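Undergrad: I'd like to go over a predicted model; first the sequence, then the structure.
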Amino acid sequence: MANKVVLAYSGGLDTSVCIRYLQTLHKMDVITVTVDCGQDDDFAEIERRAKAIGAIKHVYVDAKDEFARDYVIPSIKANGLYQGKYPLATALARPLIAAKTVEVATKENAVAIAHGCTGKGNDQIRFDVTMRALRPDLKIIAPIRDMNLTRDVEIKYAKEQNIPISTEAKKYSIDLNLWGRAVEGGNIEDADFEPPEEAFQYINFKNDKAGYVEIEFDQGVPVAADGKHMSLTDLIQYVNDKAGAHGVGIVDHIEDRVVGIKSREVYEAPAAVTIIEAHRDLEKMVLTKHELAFKRMVDDQWSWLAYAGLWQDPLRTDLDRFIDATQTRVSGKVRVKLQRGSLRVVGRQSRYSLYKNDLATYAAGSTFDQSLAKGFVELWGLQSIIANSVAGTADKKQQQQQQEKLVGGKNRK
Ligand code: ARG
């Protein structure tokens, strides 16, 4: 009997090619695992494809709720955006897919685990680190990386080997889950080329009308949309449809990969973009400015760890504890206006609001005692004022000395 290898299988080009390579080059029995993180694929078709290429067994794992609960929720609480832009959809799913693959490998007594990542991206790091953290004894095989394959070579190999690939795969490399969609490759590798409408799935480019979505948060977690309570997976789908219908949710930026490459990345994540904007806005209403300033640094660090494949690092869970503590007051409702690709928070309310109208108002009835401000301002600017005056005096002295030198020099002649 041949040794068993468990392959994280998406049904795409890379992983389909991997099945055949693992069989022929490594002479192993391949068990494929597809982890459902809300990618809305035809899973029966994926199983058929895996078996047609040669997998001896296929395992489907429904991890949608786990993904939402243990990965997306912490990311919402952390306002998870890498480099201020990317909602981390792919990055969050990888450690979960890796963990499920390891689980199957243990059950099946496999000697190795495999993934279809290239050596140029972040996904290899996310897979390898999680796999090694959970089962350091298992061998990791990454055929695409090991053989330094390019997409064109893979397509050629797939054709030669009668490996079925989707027509979409020829145009773009797409990674999709509940939290968003990443589109890579093809004509959008040209950083100066505007992604064509066909690259997107949720976005309506023709709708000019404005729409609104109201999101309710309970301790940092979105629990209702437009007054309807729903599960997080349903809520994300609802907001995806609604924001996408108004053109909201495209992210197009230059991203720094962990391996040093700068890449042009295009994402489509209407729900993630809208929910994080709303969540951040609510935090601004209920957290003190000191909490906000500190949490911003924590959020950035959290996003970096998630992006860089360090989900398993204890620092991530340490930061989660801090973030959780800040979320106890992040409850309330945020109303977002959506129109022609833009979004704007236009209203918010919370029982924990630190915004007090009677303090802020310029109208009569303010409870703010303006006379207190005079002394405060004087003390507040004290060092800045002294610094300016010291610099002014020092400048004058320097000028004087220079002049004296000049005059002295002339006299000597
Ligand atoms: N650049 C993004 C990331 O590192 C997206 C990667 C998409 N992955 C893919 N296999 N198409 O998370």
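TA: Looks like it came in fine.

Undergrad: helix/strand/coil for the closest residue to the ligand within the stretch 201-350 of the chain?
TA: Nearest residue of the stretch 201-350 of the chain to the ligand (CB to the nearest ligand atom) works out as Glu265 at 5.0 Å. C-betas here are computed from N, CA, C, even on glycine. Look at Glu265: counting by DSSP: H, G, I helix; E, B strand; the rest coil, its state is strand.

Undergrad: run a quick neighbour tally on it.
TA: 21 (other CB atoms under 10 Å).

Undergrad: ok, what's across the strand from it?
TA: Per DSSP bridges, the residues bridged to Glu265 are His253.

Undergrad: wait, it sits on Glu184?
TA: Yes - between Glu265 and Glu184 there is a contact at 7.2 Å, judged by CB atoms under 8 Å.

Undergrad: coming back round to it: report pLDDT for the residue of the stretch 201-350 of the chain closest to the ligand.
TA: Note on Glu265: pLDDT of 97.

Undergrad: quick one: contacts for Ile203?
TA: Glu197, Gly244, Gly247, Gly249, Ile250, Glu268, Pro270 (CB atoms under 8 Å, 6 or more residues apart in numbering).

Undergrad: who's in contact with Ala308?
TA: For Ala308, the contacting residues are Asn122, Ile125, Val258, by CB under 8 Å, 6+ apart.

Undergrad: per-residue pLDDT, the second one?
TA: Spelled out, that is Ile125. 98.

Undergrad: distance-wise, check it relative to Ala133.
TA: As for Ile125, its distance to Ala133 is 12 Å (criterion: CB to CB, to the nearest Å).

Undergrad: the two - which one has more neighbours?
TA: Ile125 (19 against 16).

Undergrad: hang on, that one packs against Val258?
TA: Yes - counting by CB under 8 Å, Val258 is a contact partner of Ile125 at 5.7 Å.

Undergrad: nearest spatial neighbour of the residue nearest the centre of the chain, chain-adjacent residues omitted?
TA: By CA atoms, centre = their mean, the chain has its centre lying nearest to Leu88, at 1.6 Å. Distances taken as CB to CB, 6 or more residues apart in numbering put Gly80 closest to Leu88, at 4.9 Å, once the chain neighbours are dropped.

Undergrad: surely the one you found forms part of a strand?
TA: No - under three-state DSSP, Gly80 sits outside any strand and is assigned coil.

Undergrad: next, give phi and psi for it.
TA: The phi/psi pair for Gly80 (degrees, to the nearest 10) reads phi -60, psi 100.

Undergrad: likewise for Phe200?
TA: Per degrees, to the nearest 10, the backbone of Phe200 is at phi -110, psi 160.

Undergrad: and the gap between it and Lys64?
TA: 22 Å.

Undergrad: can you map out the strands along this protein?
TA: 4-8, 29-36, 57-62, 112-114, 139-141, 173-177, 180-184, 211-218, 221-225, 228-229, 250-256, 262-268, 332-339, 342-349 (DSSP state E).

Undergrad: which of these has the lowest average pLDDT?
TA: Looking at the strands of the chain, the bottom one is strand 173-177 with a mean of 93.

Undergrad: please list only the buried members of the contacts of Ile203.
TA: The neighbour-count test (16 or more other CB atoms under 10 Å) marks Gly244, Gly247, Gly249, Ile250, Glu268, Pro270 as buried among the contacts of Ile203.

Undergrad: report the contact partners of the fifth one.
TA: Just to be clear, that refers to Glu268. Gly180, Arg181, Val183, Ala199, Phe200, Gln201, Tyr202, Ile203, Gly244, Gly249, Ile250, Val251.

Undergrad: how about it: what's its closest non-neighbour residue?
TA: In space, Glu268 is closest to Arg181, 4.4 Å off (CB to CB, 6+ apart).

Undergrad: now do the one you found against the ligand, distance only.
TA: Arg181 is 9 Å from the ligand, where distance means CB to the nearest ligand atom, to the nearest Å.

Undergrad: what's opposite that residue in the beta bridge?
TA: Residues in beta-bridge contact with Arg181 (DSSP bridges): Leu176, Glu268.

Undergrad: pretty sure it sits against Tyr172.
TA: No - look at Arg181 against Tyr172 with CB under 8 Å: they stay out of range, at 10.2 Å.

Undergrad: spell out which parts of this structure neighbour the ligand.
TA: Thr90, Ala91, Gly121, Asn122, Asp123, Ser173, Asp175, Ala182, Glu184, Glu255, Glu265 (CB under 6 Å from any ligand atom).

Undergrad: wait, what's in contact with the second one?
TA: For Ala91, the contact set (CB under 8 Å, 6+ apart) comprises Tyr82, Asn122, Arg126, Ala306, Tyr307, Gly309.
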